[in-house]
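Undergrad: Build me a model:
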Amino acid sequence: MKKIISFLIILFLCIHIENSNGEEQAKKFKLITLLAAHVQDLGFNNMVNRGHVEVSKAMELEDSQTIVVVGYNDTFRVLAPLVAIGNVDFVICSSQDHAQACRELATKYKGSSIKTQFLVRGSGAATSNLITYSYNYASANYISGYFAGLYTKTNKIGFLSPGAIDNNNDSFVYAFWYGAKRANPNISFYYYNIGNYLNPDKTVAATKDLLDMGCDMVADTLNDFSTGNTLIANNRKTAMGTSGFPQRDVYGEDVIYSYNYNWTKLFYPIAQSVHSGNTNNSNWYGDFNLNETKSFFGLSFSFTVPNETLSKFNDELNYLKSTPRLSHPYFCNDMMYEYATKYNLVMSTNEPTRCLSSNAFTRINAPFPGMTWLGNYEIRISEVKQPKSIQIAISTVSSFFILTVLGMMILVVKFRENPSIRSASPIFLNFILFGAIVIYVGIIIWSSSISSSLCNAQFWFVTLGFTTLIGSLVVKNVRIWLIFDNPELKLVKITNLQLVPWVGVCLVINIILMGLLTSVGDLREINAQGIDSLGKYEYMRICKMNSSGASILYAILAYFAALLLVGVFVSWKIRIVDILEFNESKAIANTLYAISFCLFVIVPLMISPQDKQSEKIILCIAGLFIVTAAVLIIFVPKFYRVYLYGSGGTSDMFYKKKKQSPVATARAESTSKGSSGGGASGGGAGSGSKTNRRGNLVSGDFSDDTESSLSESNKPVKVAAGAVLAEFTDDTISDLDNNSNNDDQPIEIIAENGQNNINKETNGQNIAENNQEIQEVQEIKEIQENQINSDD
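TA: Purely as a prediction, here's the structure:
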């Protein structure tokens, strides 16, 4: 009895120890599965990862992992160190990207102390540490094509494939097409090659193209569901899951049909064999099977599929399951012999006249008659254009203003003898108007479509137009400044011939800068991507220059800024001119201020990154505003006076009653007293009397751009009482100054009605002197008119 009990105890302990060793060994068994992409692809890699997880759970493995590697180099770099230290027992090389590196490592460690075994995708002889596996993708594609042929309503079917990579060529495309044609001989079949198994952008774009061609059924053999998602997004109820993932589990009734890989049925028995220490390896194959527990593929259908369609589909599927693989319809048909002869493919020895060999099948690439290959798909980058409505609006407004300005030029020529026009110089008025027209033309070019020649033209027209317009305004201001800021009372005569070259100088500087921009700046049209919130495959045509061109552009902007600053400065200097005939200076000043303000808004837009379309619109509108405002500010008052006083006009249109300036009145009275005091004391040379040398205004008719200060040496200066004196002078300079040459030429005040402002005690004497002074003023006026006539 004791012996029996002892035997049972020993037996129990042995069994317990054996089980403990087995559990410990299972826990130490390390499994690595290589993936070609992340598991989020909802396709091949996701299903491989699912198989890896199910095997790890079934075998209760504590040490298993998946690694994403792509290509031979990446696979060898990651896997070789792990195998070399014996840190892995079983490696599943799921993709053909991994096959070469895994085979080389298996060959290297065959028969060594390293016991790692490799499961490699593909065919070939198995070894003690190498197991090969494959699955019948041709049968899955054939039966999917059969379903598409039954379900299509337009008889147009599309397909997307990776193309001639991984030694697969397009044999599975052919299998899908032949299944569809066997179900529906009337179909039209179109397909693209994408270039690889995972390129969502190309897949989506190619799917849209196939839908536009009228295909209602589009399938693929890619690693994601981009094709199906595109169909669903376009409200198509014909999405098919043909990537090996059970898409209907995710998308439900939006997917009409899907098949999935069940890698657990393939990986689990192989992993068990490796775990048991078996080295008598063989090749494994996944396919449909009459025994569903061994079937590698799973199928799912929408409830909307008609029963008649399902019945025909199941009949064909059962035919595949019961027929030897090498005798399936996609291997054996009446087209095979002719195709094999044409492309030098080997026929099967079993049925040499109808069946293609298994090895030759994988080399099918050229389309069969009835298949339309659309080529290797390349995403067509689409151009994003500016809305036509904006271009039409800007061009229409600019054209209207061009016609308006042309009309103004005609009016300037017609009324050139009118004092309102003649006093402002018709030549310069037409310069300004011509500059405005040039700018309007540049704005039309700027708003139009882009080309390299137009890129240069828009800068040339706009810059030359602004230089002509602004240069003419600045030169006119300078002339007024030189005439009225004349403390020495010198005769200042500035003619048009003296002024025009200065406008020419401004233009020459502009031409030199623009010539450098055109020759050195490489200003040209480019197709720009990644701007203005463009899509990944959208572009916009824009004008682009190199860094040298940008530097020159900054120089041009600085040149315009300097020109404007000069104009603003001069306008400020003559701000006190208050004769209506020269009141144009204030209009010019207002114009320059408006231009300066707008340019300070525009310049940052031109030199900083902005939305190109918005930038173009802002620049065009700002240009229209600047030019139109300048023209209206300068010309509307002139044409209004022509309208008010008639085409002939009169110099009286410039005179209006105005409250006397207190400063002018005070200075006039002071000067009058000084004159009287000088007369009483004899007032000769060396008498110590002081004269005012700033009285540089004489009443008269300024009717052309040859205005001048009308004082001459050795003649007394008479200033009409009531005329503005102080407002033409710089208050920082003393009104009274020693002048030995003019001590006996006192300034006298002439009353507005032509009579002297006399003292009661010397009334008779001053009346006589007044008549003489009036005569002298008339002589000075005749001198001015002679100067005007000689200039004209």
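Undergrad: Identify each buried residue in stretch 334-346, please.
TA: Neighbour-count burial for stretch 334-346 flags 336, 337, 339, 340, 345 (criterion: 16 or more other CB atoms under 10 Å). The way it works is simple: take the backbone N, C-alpha and C, and place the C-beta from them, glycine included.
Undergrad: Hmm, I typed the wrong one, I wanted stretch 40-51.
TA: Buried positions in stretch 40-51, judged by neighbour count with 16+ other CB under 10 Å: 41, 42, 43, 44, 45, 46, 47, 48, 49, 50, 51.
Undergrad: Quick check: residue 243 is in a strand.
TA: Yes: checked against DSSP: H, G, I helix; E, B strand; the rest coil, residue 243 lies within a strand.
Undergrad: gap between it and residue 633?
TA: 70 Å (CB to CB, to the nearest Å).
Undergrad: Comparing the two, which shows the higher neighbour count?
TA: Taking other CB atoms under 10 Å, residue 243 and residue 633 do not tie; residue 243 has more neighbours (28 against 18).
Undergrad: Export the buried residues of stretch 40-51 as JSON lines, with columns for secondary structure and pLDDT.
TA: As requested, those are exported to JSON lines (DSSP: H, G, I helix; E, B strand; the rest coil; pLDDT from 0 to 100):
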{"residue": "41", "secondary structure": "helix", "pLDDT": "71"}
{"residue": "42", "secondary structure": "coil", "pLDDT": "72"}
{"residue": "43", "secondary structure": "coil", "pLDDT": "77"}
{"residue": "44", "secondary structure": "helix", "pLDDT": "83"}
{"residue": "45", "secondary structure": "helix", "pLDDT": "87"}
{"residue": "46", "secondary structure": "helix", "pLDDT": "88"}
{"residue": "47", "secondary structure": "helix", "pLDDT": "90"}
{"residue": "48", "secondary structure": "helix", "pLDDT": "93"}
{"residue": "49", "secondary structure": "helix", "pLDDT": "93"}
{"residue": "50", "secondary structure": "helix", "pLDDT": "93"}
{"residue": "51", "secondary structure": "helix", "pLDDT": "93"}
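Undergrad: Enumerate every residue touching residue 170.
TA: By CB atoms under 8 Å, 6 or more residues apart in numbering, the residues touching residue 170 are 161, 163, 164, 191, 193, 364, 365, 367.
Undergrad: Just the buried subset of these, written out for ChimeraX, thanks.
TA: Selection of the buried residues among these in ChimeraX, burial being defined by 16+ other CB under 10 Å:
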select :161,163,191,193,364,365,367
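Undergrad: which residue packs closest to residue 540, ignoring adjacent ones?
TA: residue 384 (5.0 Å; CB to CB, 6 or more residues apart in numbering).
Undergrad: Show me the shaky parts of the stretch 351-500 of the chain.
TA: 485-492 (pLDDT under 70).
Undergrad: Would you state the helices of it in chain order?
TA: 358-361, 388-414, 419-422, 426-447, 452-484, 496-520 (DSSP state H, counting those that start in this stretch).
Undergrad: Let's have these in CSV, adding distance to residue 321.
TA: As requested, these are arranged in CSV below (distance: least, CB to CB, whole Å):
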stretch, distance to residue 321
helix 358-361, 18
helix 388-414, 61
helix 419-422, 101
helix 426-447, 69
helix 452-484, 66
helix 496-520, 75
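Undergrad: Let's have those in CSV, adding mean neighbour count and distance to residue 63.
TA: Formatted as CSV, these follow (neighbours: other CB atoms under 10 Å; distance: least, CB to CB, whole Å):
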stretch, mean neighbour count, distance to residue 63
helix 358-361, 17, 38
helix 388-414, 16, 65
helix 419-422, 22, 99
helix 426-447, 23, 68
helix 452-484, 22, 64
helix 496-520, 16, 67
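Undergrad: Out of these, which is closest to residue 319?
TA: Comparison of the helices of the stretch 351-500 of the chain against residue 319 by CB to CB identifies helix 358-361 as nearest, at 18.6 Å.
Undergrad: in this protein, which residue is closest to the centre?
TA: By CA atoms, centre = their mean, the chain has its centre lying nearest to residue 531, at 3.0 Å.
Undergrad: and that one, which of the three is it?
TA: Strictly by three-state DSSP, residue 531 counts as coil.
Undergrad: Touching, it and residue 538? I think so.
TA: No: applying CB atoms under 8 Å, one finds residue 531 not in contact with residue 538, separated by 9.7 Å.
Undergrad: quick revisit: what about the buried residues of stretch 334-346, which are in helices?
TA: 336, 337, 339, 340 (DSSP state H).
Undergrad: Between the residues you listed, which sits nearest residue 123?
TA: residue 340 (20.2 Å).
Undergrad: any idea how far the closest one lies from residue 370?
TA: Distance from residue 340 to residue 370, by CB to CB: 17 Å.
Undergrad: Residue 631 and residue 408: what is the separation?
TA: Taking CB to CB, one finds residue 631 at 7 Å from residue 408.
Undergrad: remind me which residues of the chain are low pLDDT?
TA: Using pLDDT under 70, the chain drops low at 1-27, 165-168, 350, 485-492, 575-586, 588-589, 599, 601-610, 647-792.
Undergrad: again, only this time at 50
TA: The model of the chain has pLDDT under 50 over residues 20-27, 657-661, 663-664, 667-668, 671-672, 674-771, 773-774, 776-778, 780-792.
Undergrad: show me where the stretch 501-650 of the chain has helices.
TA: Using DSSP H, counting those that start in this stretch, helices in the stretch 501-650 of the chain cover 547-573, 584-607, 612-645.
Undergrad: Run the chain-centre distance for the last one.
TA: It refers to helix 612-645. The chain centroid and the centroid of helix 612-645 are separated by 30 Å under CA atoms, centre = their mean, to the nearest Å.
Undergrad: buried sites along it?
TA: Within helix 612-645, the residues that count as buried by 16+ other CB under 10 Å are 612-613, 615-624, 626-628, 630-631, 633-635, 637-639, 641-642.
Undergrad: Return the list of helices and strands in contact with that helix.
TA: For helix 612-645, the packing partners by 3 or more CB pairs under 8 Å, 6 or more residues apart in numbering; DSSP states H and E come out as helix 388-414, helix 419-422, helix 426-447, helix 452-484, strand 538-544, helix 584-607.
Undergrad: Can you check what angle separates it from helix 426-447?
TA: Put simply, helix 612-645 runs at 150 degrees to helix 426-447, going by axes from the mean of the first three to the mean of the last three CA atoms, to 10 degrees.
Undergrad: Kindly report the same for the first one.
TA: Counting by the same axes, to 10 degrees, helix 547-573 points 140 degrees away from the direction of helix 426-447.
Undergrad: Please name every helix or strand in contact with helix 547-573.
TA: Contact here means 3+ CB pairs under 8 Å, 6+ apart; on that basis helix 547-573 packs against helix 452-484, helix 496-520, helix 584-607.
Undergrad: Including distance to residue 141, could those helices go into JSON lines?
TA: Shown next, in JSON lines, are the helices and strands packed on helix 547-573 (distance: least, CB to CB, whole Å):
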{"stretch": "helix 452-484", "distance to residue 141": "50"}
{"stretch": "helix 496-520", "distance to residue 141": "60"}
{"stretch": "helix 584-607", "distance to residue 141": "57"}
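Undergrad: right, and the ones you listed - which one's nearest residue 307?
TA: Of these, the one closest to residue 307 (CB to CB) turns out to be helix 452-484, at 65.0 Å.
Undergrad: what helices or strands is the closest one leaning on?
TA: For helix 452-484, the packing partners by 3+ CB pairs under 8 Å, 6+ apart are helix 426-447, helix 496-520, strand 524-528, helix 547-573, helix 584-607, helix 612-645.
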